[in-house]
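Asker: just a sequence and a predicted model for now, questions to come.
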Amino acid sequence: MLLEIHQVGKQYKKGVWALREINLQLRPGIVGLLGPNGAGKSTLMRILATISQPTAGTVTWNGVDIRKKPDELRCTLGYLPQDFGVYPHLNPIEFLEYAAALKGLGGRQMKTRILEILELLNLHHVLKHPIGSFSGGMRQRIGIAQALLNDPRLLIVDEPTVGLDPEERMRFRSLLTDLSGERIIIFSTHILSDIEATADQIAIMSKGQLLTNSDPTVLLRNVQGKVWSVIIPDEEIQEARTRWTISGTIRREDGLHLRIVSETPPLPQAIEVSPSLEDAYLYVRANQEGA
Ligand SMILES: Nc1ncnc2c1ncn2[C@@H]1O[C@H](COP(=O)(O)OP(=O)(O)OP(=O)(O)O)[C@@H](O)[C@H]1O
């Protein structure tokens, strides 16, 4: 199973590229697509979901160009868009039957499959309740349920944790881990902690470009020896912000404790600390955007 993105670009307006020269090879596992708002994550996901066409480049699914033969991918694609809407008056079964019909799926087997999915997503106790009465996390699980109807090999979820409380976020992350295995799961977010514990691969995007695509341990290794702790007086924070890439600030009795990502010690008394993925993310962005 292989999804290959080759030199993909997308231009919405003349001269303005929302995506530029994206190259990625994805195999089974969870890929975290990380980047700030406007980085191009949704644009890329819509192209992969065959909803939008790239202006340049190609995407192949197991060697087949998805532009020429979109159905090869569509029949095994599950997609949860960012702006997923539900019909509030329908209950989960009614909604999923409707979603299945839209996808051309139906029959007796589909009824059984819907019940299995609702059980898997821990929604079996609310089968008769209108979706409008559900919490944000439960609605997102309905969104995932519709994406799983065809037992997809490629599952694309676009910022699924927006609006969820911390507990719901945690549950959603472990749900994706449960669903991984013989699937490619692409999970976009602008929040690092969403993918920190779950992603096998982290692709970082900014301003339409792919800055890096690595195993999280490689990202961490790259920033090893480049994260420092320093203490400065409160009044120096403005200047510090202009001088350094700061990944954390804590106010203590003895002053402001800064966590700084820098190739060399930012001050002679700086103490080296072990890096986090947050540091690694800032390091990639600071280096590659500035380059
Ligand atoms: N339909 C569109 N027409 C014109 N420009 C668009 C369209 N969709 C997105 N863009 C622009 O393309 C760029 C990338 O947007 P995109 O939505 O893909 O980013 P994103 O990383 O998903 O951000 P967000 O988290 O805010 O959705 C942005 O500058 C955005 O304004």
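Answerer: Perfect, I can see it now. Remember, predicted model here, so these are calculated numbers, not experimental data. Numbering: from 1, shown residues only.

Asker: what about residue 109, which SS state?
Answerer: Look at residue 109: counting by DSSP: H, G, I helix; E, B strand; the rest coil, its state is helix.

Asker: count the neighbours of it for me.
Answerer: Burial measure for residue 109: 9 neighbouring residues, criterion other C-beta atoms under 10 Å. For glycine as for every other residue, the C-beta is placed from the backbone atoms N, C-alpha and C.

Asker: please renumber the chain so that the first residue is 726 from this point on.
Answerer: Got it, the first residue is 726 from now on, which makes the last one we talked about residue 834.

Asker: which stretches of the stretch 776-925 of the chain form helices?
Answerer: 795-799, 817-827, 833-845, 861-873, 891-904, 917-921 (DSSP state H, counting those that start in this stretch).

Asker: against which helices or strands is the fourth one packed?
Answerer: In this structure, helix 861-873 makes packing contacts with strand 802-805, helix 817-827, helix 833-845, strand 879-883, helix 891-904, judged by 3 or more C-beta pairs under 8 Å, 6 or more residues apart in numbering; DSSP states H and E.

Asker: quick one: average pLDDT of the one helix or strand residue 966 maps to?
Answerer: Using DSSP states H and E, residue 966 maps to helix 962-968. Taken as a whole, helix 962-968 carries a mean pLDDT of 94.

Asker: what are the buried residues along that helix?
Answerer: residue 965 (16 or more other C-beta atoms under 10 Å).

Asker: report all helices and strands that it contacts.
Answerer: By 3+ C-beta pairs under 8 Å, 6+ apart, helix 962-968 packs against no helix or strand.

Asker: who are the contact partners of residue 1013?
Answerer: 931, 936, 937 (C-beta atoms under 8 Å, 6 or more residues apart in numbering).

Asker: distance of it from residue 842?
Answerer: 40 Å (C-beta to C-beta, to the nearest Å).

Asker: before we move on, what about residue 982?
Answerer: Counting by C-beta to C-beta - residue 982 and residue 842 are separated by 47 Å.

Asker: still on that earlier bit, list the ones among the contacts of residue 1013 that fall in helices.
Answerer: Cross-referencing these against helices under DSSP state H gives no overlap.

Asker: only the buried residues of stretch 949-958, if you could.
Answerer: Buried, per 16+ other C-beta under 10 Å, within stretch 949-958: 951, 952, 953, 954, 955, 957.

Asker: mark which of the contacts of residue 1013 are buried, thanks.
Answerer: Neighbour-count burial (16+ other C-beta under 10 Å) applied to the contacts of residue 1013 gives 931, 936, 937.

Asker: let's have those in a markdown table, adding distance to residue 903 and pLDDT.
Answerer: Output for the buried ones among the contacts of residue 1013, formatted as a markdown table (distance: C-beta to C-beta, whole Å; pLDDT from 0 to 100):
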| residue | distance to residue 903 | pLDDT |
| --- | --- | --- |
| 931 | 30 | 94 |
| 936 | 29 | 95 |
| 937 | 27 | 94 |
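
Asker: which among the residues you listed gets closest to residue 757?
Answerer: residue 937 (11.8 Å; C-beta to C-beta).

Asker: does that closest one touch residue 929 like I think?
Answerer: Yes: shown here, residue 937 and residue 929 form a contact pair, counting by C-beta atoms under 8 Å, at 5.1 Å.
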